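Undergrad: Mind folding the following:
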Amino acid sequence: MTAGHRISVERGAQHVRVVHDGQVVAESGRPLLLRETGYPVRYYLPPEDVRTDLLTPSDTTTHCPFKGTASYWSLPGAADTVWAYREPKPDVAEIKDHFCFYDAEVTEPGR
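TA: Next comes the predicted model:
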């Protein structure tokens, strides 16, 4: 890691829901929270909590020196809005194959 850059993954108890065009695409009470210097908290959801049948694989990939190479998926009318790390770096190994969405609605436990 570079000086001043931090990255961590922790289990969350928040309720995370992703809705696209009125349809629930993902809903989970067991997100992984990825905190990275300079970025908002990102919620990585287990594949069992994601409607993968609604996702279309994309040819897009991006590389992060701290997390690894991300693969992307699209939702109807929304290209490359979902990503996951198939082979993440050791420091964030927990996020392997979990899905992250640009737009997720998050509520605290019990709400």
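Undergrad: list the contacts for Thr61?
TA: By C-beta atoms under 8 Å, 6 or more residues apart in numbering, the contact list for Thr61 reads 69-72. Any C-beta I mention is one placed from the backbone N, CA and C, and that applies to glycine too.
Undergrad: Partner strands of the helix or strand of the chain with the lowest mean pLDDT and their direction?
TA: Using mean pLDDT, DSSP states H and E, the weakest-scoring helix or strand in the chain turns out to be strand 105-107, at a mean of 82. When sheet partners are counted by DSSP bridges, strand 105-107 sits next to strand 15-20 (antiparallel).
Undergrad: in the strand it pairs with, what counts as buried?
TA: By 16 or more other C-beta atoms under 10 Å, the buried positions in strand 15-20 come out as 15-18, 20.
Undergrad: what's the most distant pair in the residues you listed?
TA: Using C-beta to C-beta, the buried residues of strand 15-20 reach their maximum pairwise distance at His15 and His20, which is 17.3 Å.
Undergrad: Kindly state the beta-bridge partners for Tyr43.
TA: Leu33.
Undergrad: could you measure it against Trp73, distance?
TA: Per C-beta to C-beta, to the nearest Å, Tyr43 is found 16 Å from Trp73.
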